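Engineer: What would the 3D arrangement of this be:
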Amino acid sequence: MEEQLIKEFVHRVSTEEALRTELTSDAKSVIEREGFSPRVTQVLMRLVPHLTMNQNSPNSWWHP
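Structural biologist: Down below sits the predicted model:
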């Protein structure tokens, strides 16, 4: 279940520019608003730097 929540959130961030922008400016509030468990929150906070990378960079790992 937790893995699915993380996967879905990562997918949303990778496809929704507004969510990615908001995550870049205030990650803690975005993740709190989503209502994730402390364990999922901890994982997502560690992923924030990767999720908010510029998609045009050669290191964009969420898009082929």
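Engineer: looking only at pLDDT, what's the mean for the helix or strand hosting residue 5?
Structural biologist: Per DSSP states H and E: residue 5 is located in helix 2-15. The predicted model assigns helix 2-15 a mean pLDDT of 94.
Engineer: List the buried residues of that helix.
Structural biologist: By 16 or more other Cβ atoms under 10 Å, the buried positions in helix 2-15 come out as 5-6, 9, 13-14. Yep, even glycine has a C-beta here, placed from its N, CA and C like the rest.
Engineer: Any chance of those in a markdown table with distance to residue 30 as columns?
Structural biologist: Formatted as a markdown table, those follow (distance: Cβ to Cβ, whole Å):
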| residue | distance to residue 30 |
| --- | --- |
| 5 | 14 |
| 6 | 14 |
| 9 | 9 |
| 13 | 9 |
| 14 | 14 |
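Engineer: Just give me the closest of those residues to residue 35.
Structural biologist: residue 5 (9.9 Å; Cβ to Cβ).
Engineer: so the closest one touches residue 40, yeah?
Structural biologist: Yes: taking contacts as Cβ atoms under 8 Å, residue 5 lies within contact range of residue 40: 5.5 Å.
Engineer: from the chain's centre, how far out does the longest helix belonging to the chain sit?
Structural biologist: Longest helix of the chain, by residue count under DSSP state H: helix 17-34. Centre-to-centre, helix 17-34 and its host chain are 8 Å apart (Cα atoms, centre = their mean, to the nearest Å).
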